[in-house]
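Engineer: All I have is the shape, not the residue letters:
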């Protein structure tokens, strides 16, 4: 049995080790090396894979291509996380949609977001996600600056914490999580 940790209060338990989508996994035309690395990691019990729209080049996104080849057969074994680097709602959604296509999956396992974003804050984004039946059950982890403790009352009042949302401060001593 491999040791695991709970991923906040999302209801997910992941191994202590993860596979990041960098190094050999992000090199162009490196499928013969990259895909076996992903397969071997899963064979060894790694169940958390982290990638990004930037890994492997912003145009080709080799990391997500290689990981996606494995996910089409082994998606049920993995907690899959991906990030976007665009700070706008539309830009992030466009990058996320392409990531899901390349990773060969329909939904992310969790949404990681900053509360303080341009054009739409994390609270409004969360209300939109939780208001859509297709995405309402996806856990949300909000990462923000230490002043989140003061804003938690606002979050609870707006009922955006429904269904497994977690608040994470950039200073762990000020971390707070919503009730599940």
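Structural biologist: Cool, got the structure. Everything numeric here is computed off the predicted structure, so don't read it as measured data.
Engineer: Does the residue nearest the centre of the chain fall in a helix, a strand, or a coil region?
Structural biologist: Taking Cα atoms, centre = their mean, the centroid of the chain lies closest to residue 81, which sits 3.4 Å from it. Assigned with DSSP: H, G, I helix; E, B strand; the rest coil, residue 81 falls in the strand class.
Engineer: which residues does it contact?
Structural biologist: For residue 81, the contact set (Cβ atoms under 8 Å, 6 or more residues apart in numbering) comprises 48, 49, 50, 51, 108, 109, 110, 112. The way it works is simple: take the backbone N, C-alpha and C, and place the C-beta from them, glycine included.
Engineer: ok, now residue 50?
Structural biologist: Taking Cβ under 8 Å, 6+ apart as the test, what residue 50 contacts is 18, 19, 20, 21, 81, 82, 83.
Engineer: and the fourth one, what are its phi and psi?
Structural biologist: Here the main-chain torsion angles of residue 21 (degrees, to the nearest 10) amount to phi -90, psi 40.
Engineer: Show me the shaky parts of the chain.
Structural biologist: 1, 87, 89, 117-118, 144-180 (pLDDT under 70).
Engineer: which residue ranges form the helices in it?
Structural biologist: In the chain, the segments counted as helices under DSSP state H are 31-43, 62-74, 89-103, 122-130, 148-157.
Engineer: Nearest to residue 116, out of these?
Structural biologist: Residue 116 lies closest to helix 122-130 among the helices of the chain, at 7.1 Å (Cβ to Cβ).
Engineer: Against which helices or strands is that closest one packed?
Structural biologist: strand 111-114, strand 140-144 (3 or more Cβ pairs under 8 Å, 6 or more residues apart in numbering; DSSP states H and E).
Engineer: Check the ones you listed for me and report the most buried one.
Structural biologist: With neighbours taken as mean count of other Cβ atoms under 10 Å, the helices and strands packed on helix 122-130 reach their highest mean count in strand 140-144, at a mean of 21.
Engineer: Just checking: what are the partner strands of that strand?
Structural biologist: Strand pairing for strand 140-144, determined by DSSP bridges: strand 111-114 (parallel), strand 165-169 (parallel).
Engineer: From residue 39, how far out is the residue sitting furthest away from the middle of the chain?
Structural biologist: Among the C-alpha atoms of the chain, the one most distant from their mean position (Cα atoms, centre = their mean) is that of residue 32, at 26.3 Å. Counting by Cβ to Cβ, to the nearest Å, the gap between residue 32 and residue 39 amounts to 12 Å.
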